[in-house]
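[1] everything below, folded, please.
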Amino acid sequence: MPADFSRYVNLTINDVNTASLYRQMIEVARTVMPEFNLRRGTVEDSIFQSMAYTGAIATNAINRVPDGLMQGIVSLFGFQRNFGTRATITATVTLYGTSGAAIPVGTQFRYRYVDAANGTFSDFLFVTSEDTIITASATPTGTVELTCDVFGEIPIADVGTALLPLSVDTDINTVVVDSFSNGTNALTDAEYLDSARTFLESISTTYVTAKQLEAAVLSNFDYVARCKVFDLMDASTDRGVSVFLPDTSRNVTSSLYKGYVSIFVYGFGRALTNSELSSIQSFAANSSMAGLDIEVVNFQTVTPTISVTASYDSTFSQALTIEAIKVSLSEYLSPQYFPYDEISISSPRLRSTVLSNRLLATVTGLVSVDSITLSPPSDLTYTVLSSGNTAGQDAVITTSAAHGLVVGQRVRLGGTNDYDDASIAVKSRPSDTTFTIETNYNTAVTSGVAMYRYFHEASGSQSTLNFLNRGVLPSVSVDDITVTLSAETL
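    Residues are numbered from 1 along each chain as shown. All right, here's what the predicted structure looks like:
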């Protein structure tokens, strides 16, 4: 739709309180009348206080008008606010005695999360969501489904964690966690308004731009957390950022992908199932211009390792500073939050300079970042089963371990003449350790030392890692990051 709702203004940052407004009124009065002296308990003072009170109420109400109007508009279009979901637990209950018992809906249990590092704990209430009958036996046991009484994410309850029954008049002996599914947090006002804008942008009979299609997928499929649409790209043939150099005539370019659209998606902490991908594909095909060849695939994820050397203010805790560095980088380099602009540029990459700037902006007590080095995942060695230097013949390659490749993904074959400096797309993958490529018929593929699957750069410390393919997101945890700190006295 032509309307652009991206420029709505959140005025609540300009909220005022009665006391500050009261003082400002006195300052204005003294500007007009320098000899003005307001005495407490006078009629003038009561007028000033009442005006400050009503003025603050009116100001704060006005500041909420833009957000309120946006919420009213999108509700008329049927867009509902996500207030989050509750965490759930499946637990095994063991009873006293042998006679069995009924555990009614609403039976309460306490889950206690202990933060050993800080010496604190938090309690969360869970209740049964349905009646459960545990039959008599030598050791009566049964499974109950529990739901947290609050919405949002809570600390994870590990398998084997003991829960405490709170309801009286039960024969429950022990309750142990079998599985845990976390809740989701409610949208903040800013997140809700961003989602509303995306929803409004997606309202169209036919989607004609990549941005419209992205907005439509995100708005219509609540299990999609990330979506990126690439025009003029066929993910099942070639996902590469650049073409294979030795014989570019044999490697299709974007000009030959007219009519092709590739949609990359990722869920909330997981890849989507084939059924979910198929639903999105059907929706996109039915909602887009006729004649387009649309493919929906999962983002690939890759886990580089990161080494940070930095200095910190000696008045801060070294352990907490290290933890803050790891949390900041792992959040940024996650499939959920890695910024779109880094995967949309012509040469998508991971850059140590960007990571350094982020750390300096987000980690309190950090004085300087001396170096950040990035290392791609370990390379695989490979052996050529068929060299592919005969017309009509593909090269067949086997790897030392499961390669994890998908058709269309580009790789670099280290130490193999022309195939080392550039990349070439996987044509097929007969097995987890075998794949084929379409080669330059004048240059045979020979066995080499290493195959690079995700980045142009070989193993080892790098300041920049350049992605070989579109549709790849980093997935870095705190365990993939090492930090070396030196203290500075400021």
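[2] now Ile263: how far from Thr301?
    Ile263 sits 17 Å away from Thr301, going by Cβ to Cβ, to the nearest Å. C-betas here are computed from N, CA, C, even on glycine.
[3] quick one, strands of the stretch 101-250 of the chain?
    101-103, 108-115, 120-128, 132-134, 141-151, 162-165, 172-181, 226-231 (DSSP state E, counting those that start in this stretch).
[4] in CSV, list the ones you listed along with mean pLDDT and distance to Glu276.
    Below are those laid out as CSV (pLDDT from 0 to 100; distance: least, Cβ to Cβ, whole Å):
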stretch, mean pLDDT, distance to Glu276
strand 101-103, 89, 34
strand 108-115, 92, 30
strand 120-128, 94, 29
strand 132-134, 90, 31
strand 141-151, 93, 24
strand 162-165, 93, 32
strand 172-181, 93, 17
strand 226-231, 89, 12
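[5] can you tell which of these is closest to Ala458?
    Distance to Ala458, taken as Cβ to Cβ, is lowest for strand 226-231 among those, at 26.8 Å.
[6] could I get the buried residue list for that closest one?
    By neighbour count with 16 or more other Cβ atoms under 10 Å, strand 226-231 contains the buried residues Arg226, Cys227, Lys228, Val229, Phe230.
[7] residues contacting the residue lying closest to the last one once chain neighbours are set aside?
    Distances taken as Cβ to Cβ, 6 or more residues apart in numbering put Ser262 closest to Phe230, at 4.8 Å, once the chain neighbours are dropped. With contacts defined as Cβ atoms under 8 Å, 6 or more residues apart in numbering, Ser262 is in contact with Val229, Phe230, Met233, Asp234, Ala235, Arg239, Ile294, Glu295, Val297, Arg470, Gly471.
[8] quick one: which helix or strand includes Ser262?
    Using DSSP states H and E, Ser262 sits within strand 260-266.
[9] run me through the strand neighbours of that strand, direction for each.
    strand 226-231 (antiparallel), strand 293-298 (parallel) (DSSP bridges).
[10] nearest to Thr42, of those?
    Thr42 sits nearest to strand 226-231 of all those, at 62.0 Å, using Cβ to Cβ.
[11] and the gap between the residue nearest to Phe230 and Gln80?
    Distance from Ser262 to Gln80, by Cβ to Cβ: 30 Å.
[12] so in terms of bridging, what pairs with Leu125?
    Arg110.
[13] related to what we said a few turns ago, now the buried members of the contacts of Ser262.
    Of the contacts of Ser262, these count as buried by 16+ other Cβ under 10 Å: Val229, Phe230, Met233, Asp234, Ala235, Arg239, Ile294, Glu295, Val297, Arg470, Gly471.
[14] the fourth one and Asp293: what is the separation?
    Think Asp234. 7 Å.
[15] spit out the residues that contact the two alike.
    With Cβ under 8 Å, 6+ apart as the test, Asp234 and Asp293 both reach Tyr260.
[16] about what we covered before: with distance to Tyr111 as added columns, please give the buried residues of strand 226-231 in CSV.
    Shown next, in CSV, are the buried residues of strand 226-231 (distance: Cβ to Cβ, whole Å):
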residue, distance to Tyr111
Arg226, 31
Cys227, 34
Lys228, 37
Val229, 41
Phe230, 44
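[17] of the residues you listed, closest to Gln393?
    Nearest to Gln393 among the buried residues of strand 226-231, counting by Cβ to Cβ, is Phe230 at 30.7 Å.
[18] these two touch, right, that closest one and Gly408?
    No: checked against Cβ atoms under 8 Å, the pair Phe230 and Gly408 is beyond contact range at 11.9 Å.
[19] just to revisit the earlier point, so between Ile263 and Thr301, which is more surrounded?
    Ile263 (24 against 16; other Cβ atoms under 10 Å).
[20] please name the nearest non-neighbouring residue to that one.
    Nearest residue to Ile263, sequence neighbours excluded (Cβ to Cβ, 6+ apart): Val296, at 4.5 Å.
[21] for Pro348, same thing?
    Phe467 is the one closest to Pro348 (Cβ to Cβ, 6+ apart), at 4.5 Å.
[22] am I right that the one you found is in contact with Glu342?
    No: Phe467 lies out of contact with Glu342 (Cβ under 8 Å); the separation is 9.4 Å.
[23] got the contact list for the residue nearest to Ile263?
    In this structure, Val296 makes contact with Ile263, Val265, Leu277, Ser278, Ile280, Gln281, Ala284, judged by Cβ under 8 Å, 6+ apart.
[24] so which residues of the stretch 301-450 of the chain form helices?
    Using DSSP state H, counting those that start in this stretch, the helices of the stretch 301-450 of the chain run over residues 318-332, 340-344, 352-362, 418-421.
[25] OK, contacts around the residue nearest the centre of the chain?
    In the chain, the residue lying closest to the centroid (Cα atoms, centre = their mean) is Gln336, at 0.7 Å. Gln336 makes contacts with Ala225, Arg226, Tyr266, Phe268, Gly269, as judged by Cβ under 8 Å, 6+ apart.
[26] out of those residues, who's the most crowded?
    Result: Tyr266 is most packed of the contacts of Gln336 (other Cβ under 10 Å), 23 neighbours.
[27] so it touches Asn298, yeah?
    Yes: Tyr266 is within contact range of Asn298, at 6.5 Å (criterion: Cβ under 8 Å).
[28] Ser314 touches Leu485, doesn't it?
    No: using Cβ under 8 Å, Ser314 is not in contact with Leu485, being 10.1 Å away.
[29] who has more neighbours, the two?
    Leu485 (19 against 13).
[30] give the contact list for the more buried one.
    Thr309, Ala310, Ser311, Tyr312, Gln318, Thr321, Ile322.
[31] what about the fifth one, how many neighbours?
    The reference is to Gln318. As a burial measure, Gln318 scores 14 neighbours (other Cβ under 10 Å).
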